[in-house]
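Asker: pasting the sequence and the predicted model now:
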Amino acid sequence: MMISKHYKYATLSLFLLATGFTASSQKVQSNAAGLTITAQQTVNPILKRKAVNPIWRLEIEVPAGGLEFKALSGTINKAGLTDLNSLEAYLSTENKEKEQVLDAKKKIGSSAVSGKKFSIPLDAKLAAGKHVIWISATVKPEANIDDRIELKVSNLTDAASGKHKVSIQGPVAASRLGIALRNPNDDDVNSYRIPGIVDTDKGTLISVYDVRYKNSGDLPGNIDVGMNRSTDGGKTWEPMKIIMDMGAPHENNGVGDPSILFDPVTKTIWVAALWSKGNRSIAGSGPGLSEEETGQFALVSSTDDGLTWSKPYSITAQVKNPVWRLFFPGPGNGIAMADGKIVFPAQYWDENKMPHSTLIYSDDHGKSWKAGVGAKSNTTESQLVETTPGKIMLNMRDNRGKFRSVATTTDMGLSWETHPTSYKTLIDPVCMASLIKARVKVKGKMKEVLFFSNPNSSKDRKDLTIKVSLDLGETWQDASLLVDDRHSFGYSALTKIDDQTLGLLYEGVRDLYFVRIPVKELIK
């Protein structure tokens, strides 16, 4: 489903006369009161390992005297019968953005999925005024996340057996499936954040992220880097493994903000992260090179497709100018270049505490590392691609807000040129984003394409969207794919799975979601 960045779902309104509407008569009396029902499909994946997955939002303006509803009915497709376990109905509550959101504590009905026509029994006595009912689903563990679910709501039935038809207008799209790779409190961990993901030459997906044991806050704190492997393109995942742990004491000795790359020459997976010994993250790091003075640019690696990992070690002395206050990775993904160099996005905070996006690279497959200079001041988390041999494009989070900044280098970051799209093309709410180059099948032919994901907003972390460039970042297509319209922590990481499929790992709120995206949904 291709969705314009300015696209808004239409609200559907139906005015029904309710008084005197009974099972035996269904005739409107002259003193009838008006009942308003609106219906809106949500835009978000239906996730395995999630108890609540909103699919439809029904808004009801209940007339004076109130109404009691006993059932909500509709239809579901064959994939829904195969993949869904149950359907639930919930009422809403108002969030801090003054929006009505699903309230998991206000369940008013549930039903097992057993036929193409469903009916959810309700226990809903609604007073006069506006109310929101959500339809949600749970997914079977064995569900195929490549399936698409088509579920349509048709009627609300009141206590007198009167059926109030819901009119669906405007576009309705099949909902994608996915998996909640990490949920809050999995393995006694409070929060999971900061995704990175890469595919190896064996087709294995390796995901990395922050394991934030006590809360969702950033470093310094008790944080490790976790990892999951998938050998079937993300349809199933092996249990979490901790791959970066700086040891005791664990409090204020954390490591996080991971970035990951695969070296196809040596078959080595590299993960970079920031090690904060004591208060040595952004606020407390200072000049110098030792772990007692400044945050450390730490690495681990695996040479057996992610099964085992080296011990963490620091390369800070190789890449950091001692006068800078901090030097650490740009989280997400690094790259391997056509000439064999391996490159991580990076950022440094100079002696005046001003951040700059840059890169580090190795021309000897990780034996030694070198750093570039800053591409632009007041930029932090960045991602990079090699657009043409030897030319790197750096796409940066800009603290000025509203847009991404973009620069290119042909000398490995010793100098930078501002790109024509910089700070005017890709909107951004000051958040991490993902940028990859992938050779994929477009209209039957293989083509190198840039894919970009971020919250598609200039101010809010919501509307997670994937955009496409068919000319290596010179322009971006107007149409884009809206994956999830909910408010979230906003970070995301893309990877190629095969010639026709991308993988997207992204943040919810304290959790991480994974979906498979067919290229044909992005490029028509």
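Answerer: Everything's here; your move. Numbering: from 1, shown residues only.

Asker: could you check how far residue 62 is from residue 288?
Answerer: In this view, residue 62 and residue 288 are 65 Å apart by C-beta to C-beta, to the nearest Å. Backbone N, C-alpha and C define where each C-beta goes, glycine included.

Asker: could you do residue 53 as well?
Answerer: Note on residue 53: its distance to residue 288, by C-beta to C-beta, is 49 Å.

Asker: which one of these two is surrounded by more residues?
Answerer: Comparing residue 53 with residue 288 by other C-beta atoms under 10 Å, the one with more neighbours is residue 53, at 26 against 15.

Asker: touching, that one and residue 139? I think so.
Answerer: Yes - using C-beta atoms under 8 Å, residue 53 is in contact with residue 139, at 7.1 Å.

Asker: where do the contact lists of the two overlap?
Answerer: Common contact partners of residue 53 and residue 139 (C-beta atoms under 8 Å, 6 or more residues apart in numbering): 46, 47.

Asker: quick check: which ranges of this structure have low pLDDT?
Answerer: 1-34, 169-170 (pLDDT under 70).

Asker: domain ranges for it?
Answerer: Domains of the chain are assigned by automatic domain parsing as 3-178, 183-522.

Asker: so which of the ones you listed is the most surrounded?
Answerer: Using mean count of other C-beta atoms under 10 Å, the stretch among the domains of the chain with the largest mean neighbour count is domain 183-522, at a mean of 20.

Asker: now the end-to-end length of that domain.
Answerer: Taking C-alpha to C-alpha, to the nearest Å, domain 183-522 runs 28 Å from one end to the other.

Asker: and that domain, how far out from the chain middle?
Answerer: Put simply, domain 183-522 sits 13 Å off its chain's centre (C-alpha atoms, centre = their mean, to the nearest Å).

Asker: how about stretch 105-113?
Answerer: Centroid separation for stretch 105-113 versus its chain: 27 Å, with C-alpha atoms, centre = their mean.

Asker: contacts for it?
Answerer: So stretch 105-113 is contacted by 71-72, 76, 80-81, 84-93, 118-124, 133, 137 (C-beta under 8 Å, 6+ apart).

Asker: let's go with 7 Å and repeat that
Answerer: Here stretch 105-113 makes contact (C-beta atoms under 7 Å, 6 or more residues apart in numbering) with 72, 76, 80-81, 84-91, 118-124.

Asker: just the element for the spatially closest residue to residue 397 that is not a sequence neighbour, please.
Answerer: With sequence-adjacent residues excluded and distances taken as C-beta to C-beta, 6 or more residues apart in numbering, residue 397 is closest to residue 381, at 4.4 Å. Element membership for residue 381, per DSSP states H and E: strand 379-388.

Asker: just checking, what packs against that strand?
Answerer: Here strand 379-388 touches strand 335-336, strand 342-349, strand 355-362, strand 391-398, strand 434-442, going by 3 or more C-beta pairs under 7 Å, 6 or more residues apart in numbering; DSSP states H and E.

Asker: residue 91: what's it in contact with?
Answerer: Shown in contact with residue 91 (C-beta under 7 Å, 6+ apart): 103, 106, 108, 131, 132, 133.

Asker: ok, of those, which one's closest to residue 186?
Answerer: Of all the contacts of residue 91, residue 186 sits closest to residue 103, with 22.5 Å by C-beta to C-beta.

Asker: quick check, that closest one in contact with residue 94.
Answerer: No - with contacts defined as C-beta atoms under 7 Å, residue 103 does not count as touching residue 94, sitting 9.4 Å away.

Asker: parallel or antiparallel, list what pairs with the lengthiest strand in the chain.
Answerer: What stands out as the longest strand in the chain, according to DSSP state E, is strand 100-112. With DSSP bridges as the test, strand 100-112 is paired with strand 84-94 (antiparallel).

Asker: can I get the strand it pairs with as PDB, trimmed to CA atoms?
Answerer: Provided in PDB are the C-alpha atoms of strand 84-94 (Å, rounded to 0.1, in the frame of the first residue of the first chain):
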ATOM      1  CA  LEU A  84      -5.300 -15.100  14.200                       C
ATOM      2  CA  ASN A  85      -6.100 -16.600  17.600                       C
ATOM      3  CA  SER A  86      -8.700 -14.100  18.900                       C
ATOM      4  CA  LEU A  87     -10.400 -10.800  18.500                       C
ATOM      5  CA  GLU A  88     -10.900  -8.300  21.400                       C
ATOM      6  CA  ALA A  89     -12.800  -5.000  21.900                       C
ATOM      7  CA  TYR A  90     -11.500  -2.200  24.100                       C
ATOM      8  CA  LEU A  91     -12.600   1.200  25.200                       C
ATOM      9  CA  SER A  92     -10.100   4.200  25.000                       C
ATOM     10  CA  THR A  93      -8.400   6.700  27.300                       C
ATOM     11  CA  GLU A  94      -6.900  10.100  26.500                       C
END
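
Asker: what pairs with whatever helix or strand residue 75 lives in, parallel or antiparallel?
Answerer: Assigned by DSSP H and E, residue 75 belongs to strand 67-76. Each strand paired with strand 67-76, and its direction, by DSSP bridges: strand 117-126 (antiparallel), strand 151-158 (antiparallel).

Asker: out of those, which is closest to residue 329?
Answerer: That would be strand 151-158 among the strands paired with strand 67-76, by C-beta to C-beta, at 41.3 Å.

Asker: neighbouring contacts of that closest one?
Answerer: Under the criterion C-beta under 7 Å, 6+ apart, residues 37, 39, 55-56, 58, 67-76, 80, 135, 163-166, 168, 172 lie in contact with strand 151-158.

Asker: hmm, residue 181 is touching residue 235, no?
Answerer: No - judged on C-beta under 7 Å, residue 181 makes no contact with residue 235 at a distance of 11.7 Å.

Asker: residue ranges for the helices of the chain, please.
Answerer: Using DSSP state H, the helices of the chain run over 78-83, 316-319, 519-522.

Asker: turn these into TSV, columns for distance to residue 364.
Answerer: TSV is the format used below for the helices of the chain (distance: least, C-beta to C-beta, whole Å):
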stretch	distance to residue 364
helix 78-83	48
helix 316-319	12
helix 519-522	35
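
Asker: between those, which gets nearest to residue 501?
Answerer: Across the helices of the chain, closest to residue 501 is helix 519-522 (C-beta to C-beta), at 6.6 Å.
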